[in-house]
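Peer 1: Predicted structure and sequence below. I'll ask about it afterward.
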Amino acid sequence: MMNLTYEKAYKELTEIALEIETESVSVDVLAEKVKRASDLIEFCQTKLRATETEVNKIIKQMENPSS
């Protein structure tokens, strides 16, 4: 998943969900789409957790500046 951003992953996930909902995915590629969606969800969750950790770290530094 090189050069993948959260926004790109979310957009692709939305497209996959729409394809599955509208049944425009053939049975032959359904498993492939579901696997890709699973990978994208994992990517997004990891990105969100990393961002949350970073934001919390910054907030702690702002609350307790080590002077």
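Peer 2: Arrived safely. What you see is a predicted model, and the numbers here were worked out from it, not measured in a lab.
Peer 1: From here on, just use CA atoms for contacts and neighbour counts.
Peer 2: OK.
Peer 1: On the three-state scheme, the most centrally placed residue in the chain is what?
Peer 2: Centroid-nearest residue in the chain, with Cα atoms, centre = their mean: C44, separated by 1.8 Å. Classification of C44 by DSSP: H, G, I helix; E, B strand; the rest coil places it in helix.
Peer 1: Grab the nearest non-local neighbour of it.
Peer 2: Y6 (5.9 Å; Cα to Cα, 6 or more residues apart in numbering).
Peer 1: right, and that neighbour touches K47 too?
Peer 2: Yes: counting by Cα atoms under 8 Å, K47 is a contact partner of Y6 at 7.0 Å.
Peer 1: so what's S26 up against?
Peer 2: With contacts defined as Cα atoms under 8 Å, 6 or more residues apart in numbering, S26 has no neighbours.
Peer 1: Could you check how far it is from A37?
Peer 2: In this view, S26 and A37 are 16 Å apart by Cα to Cα, to the nearest Å.
Peer 1: contacting residues for the residue nearest to C44?
Peer 2: So, once contact is read as Cα under 8 Å, 6+ apart, Y6 ends up touching 43-44, 47.
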